[in-house]
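[1] whatever this is, show me its structure:
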Amino acid sequence: MHRIPEPELMTDPEQARAYAAADFSEAHDHFIDQFRAHFPDFAGTGVVLDLGCGPADISIRFARAYPDCHVLGIDGARAMLDEGARAVTAACLQARIQLQQGYLPGLALPAGDYSAVISNSPLHHMCQPMFFWQTVLKVLPVGQPLCVMDLVRPEDTAAVDRLVAHHAADAPAVLRHDFRHSLLAAYRPEEIDRQLHTAGLAHLSAERISDRHWLVAGAR
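    Below you'll find the model as predicted:
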């Protein structure tokens, strides 16, 4: 099944509110657990860059998991960042989580090295995913942790239907719609491996970690 691109930004406030209100704890806790497992010696200090932070749920979970770090969350959609700002305030983490609007390419980031780059589900929105990997190479020092999780494109539409029915049967219509289109827009692990090779990150690879997710985790 060929990849079917979807819009790169989630700009609709209703859509952003639905994502902010949804319970993604299973997948997002799994992301944090994967980071811990792959980087047991991570000091948990410095500034961690969350690329494509959306409504900041991963940023908040990461900041709680590593209470000595600061997180800079970047997203292109103002509607998502508005929801993220409310969530950060509700979590009382304004002193440790900063959110910034930005786009790839040409992302203007504050000067300074980052102790890690984390990212959940940015690439299926991108028609030119090399911009993402090039940004990682630009901002992340050699040897520092990189942890990226995203969706896997199923083999056929029947598999898409099964995943939507299993994971989003009770979700609002907007989330079911977006989940379906995100699966159709997702990259497969072998496609991510080719991207990594082209970017000069061939020592990394995409690992299938669930029925719908791959993970790239390793030192830059």
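
[2] tell me where this protein has helices.
    In the chain, the segments counted as helices under DSSP state H are 13-21, 25-38, 57-65, 78-90, 130-139, 157-168, 173-185, 189-199.

[3] show me what the first one is packed against.
    Pointing back at helix 13-21 there. helix 78-90, helix 173-185 (3 or more CB pairs under 8 Å, 6 or more residues apart in numbering; DSSP states H and E). Heads up, the C-betas are built off the backbone N, CA and C, glycines and all.

[4] burial measure for Ala87, as a count.
    Ala87: 18 surrounding residues under other CB atoms under 10 Å.

[5] show me what contacts it?
    20, 55-57, 60 (CB atoms under 8 Å, 6 or more residues apart in numbering).

[6] let me know the closest of these to Gln134.
    Among these, Ala56 lies closest to Gln134 (CB to CB), at 24.0 Å.

[7] contacting residues around that closest one?
    Going by CB under 8 Å, 6+ apart, Ala56 touches 50, 73, 81, 83-85, 87-88, 97, 99.

[8] what does the pLDDT read for the residue located most distally from the centre of the chain?
    Each residue of the chain has a distance to the centre, and by CA atoms, centre = their mean the biggest one is for Ala158: 25.6 Å. Reported pLDDT at Ala158 in the predicted model: 97.

[9] OK, contacts around it?
    Contacts of Ala158 (CB under 8 Å, 6+ apart): none.

[10] could you dump the helix or strand of the chain with the lowest mean pLDDT to CSV, C-alpha only?
    The helix or strand of the chain with the poorest confidence is helix 13-21; it has a mean of 89 (mean pLDDT, DSSP states H and E). Taking Å, rounded to 0.1, in the frame of the first residue of the first chain, the C-alpha atoms of helix 13-21 are listed here in CSV:
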residue,chain,number,x,y,z
PRO,A,13,-8.6,24.3,17.4
GLU,A,14,-11.3,21.6,17.7
GLN,A,15,-8.8,19.0,16.5
ALA,A,16,-6.2,20.2,19.0
ARG,A,17,-8.7,20.1,21.8
ALA,A,18,-9.6,16.6,20.9
TYR,A,19,-5.9,15.5,21.0
ALA,A,20,-5.3,17.3,24.3
ALA,A,21,-8.3,15.6,25.9
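
[11] contacting residues around Arg212?
    Contact analysis of Arg212 by CB under 8 Å, 6+ apart lists 151-152, 163, 167, 183.

[12] may I see the residues you listed organised as a markdown table, with neighbour count and distance to Pro141 added?
    Listed next are these as a markdown table, based on neighbours: other CB atoms under 10 Å; distance: CB to CB, whole Å:
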| residue | neighbour count | distance to Pro141 |
| --- | --- | --- |
| Leu151 | 23 | 28 |
| Val152 | 23 | 29 |
| Leu163 | 18 | 37 |
| His167 | 18 | 36 |
| Leu183 | 24 | 34 |
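
[13] biggest separation within those, which pair?
    Within the contacts of Arg212, two members stand farthest from each other by CB to CB: Val152 and His167, at 12.6 Å.

[14] one step back: wait, which of the contacts of Ala56 is closest to Leu196?
    Proximity of these to Leu196 (CB to CB) peaks at Asp50, which lies at 19.7 Å.

[15] show me what contacts the closest one?
    Counting by CB under 8 Å, 6+ apart, Asp50 has contacts 56, 58-59, 62, 71-74, 117-119.

[16] circling back to that earlier point, which of the contacts of Ala87 tops the neighbour count?
    Each of the contacts of Ala87 was scored for neighbours by other CB under 10 Å, and Pro55 scores highest at 30 neighbours.
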